[in-house]
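Engineer: pasting the sequence and the predicted coordinates here, then a few questions.
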Amino acid sequence: MTLWNVEFSLALHNRTGKYQIGRAILADHADLIARTYYWRLAAADIPSGLRARVIGKLLQTEIRLRADPRLAAPARIRTGRPVLHLDPFTVTIHALTPDDMVLCHDMGPITHPGLFTPQVVSLYRRAFATIADIGPRTIFVSEASRRAYRDVYGPLRRSDIIYPPIRFPSGGPAGDPPDPPRGVGRPFLLTVGSIGARKNQAATIRAYAASGLAGRGVGYVLCGSREPGCEDVAKAAAATPGVVLLDHVSDEVLAWLYDNAAGFVLVSRLEGFGMPVAEAIARDLVPLISAGGVLEEVAGPAALTADPGDEAGIARQMSALAAMTAAEKARRRSDLSQAITRFTPERFRDAWRRVLC
């Protein structure tokens, strides 16, 4: 049985889906993990608070040193065991070997550089160039991400697709549902996901305004943590009647939003997997998603689709979603529910066990 060291530095600054996937791998396969590293520190628990900030600053300093060949950087990390990198960026500070393994969530900094800072683009270009050169086993969260890698870097020596598991919101105690968020009234369409340019919410808000749904009493609710481009989304939301923009919400409130929405909307420009779409389907919502790419891979052909750059098309599909009959929703839900049977915790755990053993 192979024992692995795990590189989980992303946990120092990231609490999105990447973090949840990493935590699930650590919890499911503790018997196969010797040590977990956060930068150069091996620790049993995920650093938090001041400790995490200090380690994160040191990590960023080393990354900056390695980005400039004129500067002296410390020797690359060698842990003495095969390393599972839970994000590609950490291969830039390790002595990567063919025996290592790298989890790739998306190719965004390579395929959509305009959505990221120049520093992030440079970091991931160096990371993927190293992966292409050394050839570790590479795990992708979707076929779309693997295809995007191959389009840029060519064939992979060893690769697998392991879909992440759906994280079902808890929903709160039976008989004690949470109060609706302030300003949210039914019926409404729902978008869940980080608020920013990557998710294209400013365009969907403009499409909602053009659809006339507000005048027909249908609201539009968005929630999620903030990322680059969130200012434009906030301005569009504030200027558009019928739109409610929430921050990150609790699992109980999220479950209420899913269970009371009339439909789900995520016409994003870039996704690694699109967990909110799978969660929405699991809560019996019909989604409107980006045409092509990973969201169609997740939802299957029963979802409504629109081109992320076509606001008029998004508006038409939002109107169609809001007006969809109960019979049409039931027909689509049957196919959608079948599509997400691929994303169970059991399948996720068993697939990772196979590649790690």
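Structural biologist: All right, it came through fine.

Engineer: so which strand or helix has P109?
Structural biologist: Using DSSP states H and E, P109 sits in helix 108-111.

Engineer: do the same with R347
Structural biologist: Going by DSSP H and E, R347 is in helix 345-356.

Engineer: before we move on, back to that, and the following helix or strand past the helix holding P109, what other elements does it pack with?
Structural biologist: Per DSSP H and E, the first helix or strand lying C-terminal to helix 108-111 is helix 118-134. Helix 118-134 sits against helix 49-67, helix 108-111, helix 143-153, with contacts defined as 3 or more C-beta pairs under 8 Å, 6 or more residues apart in numbering; DSSP states H and E. In short, each C-beta sits where N, CA and C put it, glycine included.

Engineer: contacting residues around helix 118-134?
Structural biologist: Residues outside helix 118-134 that contact it (C-beta atoms under 8 Å, 6 or more residues apart in numbering) are 63, 66-67, 88-92, 96-98, 100, 102, 107, 109-110, 113, 116, 138, 149, 152-154.

Engineer: and what of stretch 296-312?
Structural biologist: 142-144, 200, 203, 206-207, 210, 267-269, 273-274, 277-278, 281, 286-292, 295, 313-314, 316-317, 320-321, 331-336, 338-340, 343.

Engineer: need the buried ones from those residues selected in PyMOL.
Structural biologist: The PyMOL selection below is limited to those of these classed as buried (16 or more other C-beta atoms under 10 Å):
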select buried, resi 142+144+200+203+206+207+267+268+269+273+274+277+278+281+286+287+288+289+290+291+295+313+314+316+317+320+321+332+336+339+340+343
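
Engineer: so which of the contacts of stretch 296-312 are in strands?
Structural biologist: P287, L288, I289, S290 (DSSP state E).

Engineer: list the residues that contact the first one.
Structural biologist: Taking C-beta under 8 Å, 6+ apart as the definition of contact, the neighbours of P287 are G263, F264, V265, L266, V277, A280, I281, L295, A299, A303, L304, L336.

Engineer: distance check, it against G219.
Structural biologist: 17 Å (C-beta to C-beta, to the nearest Å).

Engineer: find the helix or strand that the nearest residue to A44 once chain neighbours are set aside is a member of.
Structural biologist: Excluding its sequence neighbours, the residue lying closest to A44 (C-beta to C-beta, 6 or more residues apart in numbering) is T36, at 7.5 Å. Secondary-structure element containing T36, defined by DSSP H and E: strand 33-38.

Engineer: picking up where we left off before, how about the CA coordinates for the helix holding P109, as PDB?
Structural biologist: Extracted in PDB, the C-alpha atoms of helix 108-111 (Å, rounded to 0.1, in the frame of the first residue of the first chain):
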ATOM      1  CA  GLY A 108      -9.100  29.000 -16.500                       C
ATOM      2  CA  PRO A 109      -5.900  30.900 -16.100                       C
ATOM      3  CA  ILE A 110      -4.700  29.300 -19.300                       C
ATOM      4  CA  THR A 111      -7.800  29.400 -21.400                       C
END
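
Engineer: buried set for that helix?
Structural biologist: G108, P109, I110.

Engineer: what does stretch 202-220 give?
Structural biologist: 202-209, 211, 213, 218-220.

Engineer: which residues touch it?
Structural biologist: The contact list for stretch 202-220, computed with C-beta under 8 Å, 6+ apart, reads 184-189, 191, 222, 229, 232-233, 235-237, 240-244, 262, 265, 267, 308-309, 311-312, 314-316, 318-319, 322.

Engineer: how about a cut-off of 7 Å?
Structural biologist: 185, 187-189, 191, 232-233, 236-237, 240-244, 262, 265, 267, 308, 311-312, 314-315, 318-319, 322 (C-beta atoms under 7 Å, 6 or more residues apart in numbering).

Engineer: out of these, which end up buried?
Structural biologist: Here, 16+ other C-beta under 10 Å leaves 188-189, 191, 232-233, 236-237, 242-244, 262, 265, 267, 308, 311, 314-315, 318-319, 322 buried among the contacts of stretch 202-220.

Engineer: that older thread, can you redo the contacts of P287 as JSON lines with pLDDT and distance to R15?
Structural biologist: Output for the contacts of P287, formatted as JSON lines (pLDDT from 0 to 100; distance: C-beta to C-beta, whole Å):
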{"residue": "G263", "pLDDT": "98", "distance to R15": "27"}
{"residue": "F264", "pLDDT": "98", "distance to R15": "22"}
{"residue": "V265", "pLDDT": "98", "distance to R15": "23"}
{"residue": "L266", "pLDDT": "98", "distance to R15": "19"}
{"residue": "V277", "pLDDT": "96", "distance to R15": "20"}
{"residue": "A280", "pLDDT": "96", "distance to R15": "20"}
{"residue": "I281", "pLDDT": "96", "distance to R15": "23"}
{"residue": "L295", "pLDDT": "96", "distance to R15": "22"}
{"residue": "A299", "pLDDT": "96", "distance to R15": "25"}
{"residue": "A303", "pLDDT": "98", "distance to R15": "27"}
{"residue": "L304", "pLDDT": "98", "distance to R15": "30"}
{"residue": "L336", "pLDDT": "96", "distance to R15": "28"}
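
Engineer: sorry, back to before: could you list which of the buried ones among the contacts of stretch 202-220 belong to strands?
Structural biologist: Going by DSSP E, the strands hold F188, L189, T191, V243, V244, V265 from the buried ones among the contacts of stretch 202-220.

Engineer: who touches G22 in this structure?
Structural biologist: F8, L10, A11, L86 are the contacts of G22 under C-beta under 7 Å, 6+ apart.

Engineer: okay, the residue lying closest to A351 once chain neighbours are set aside: pLDDT?
Structural biologist: Of all residues not flanking A351 in the chain, I162 sits nearest, at 4.5 Å (C-beta to C-beta, 6+ apart). I162 carries a pLDDT value of 98.
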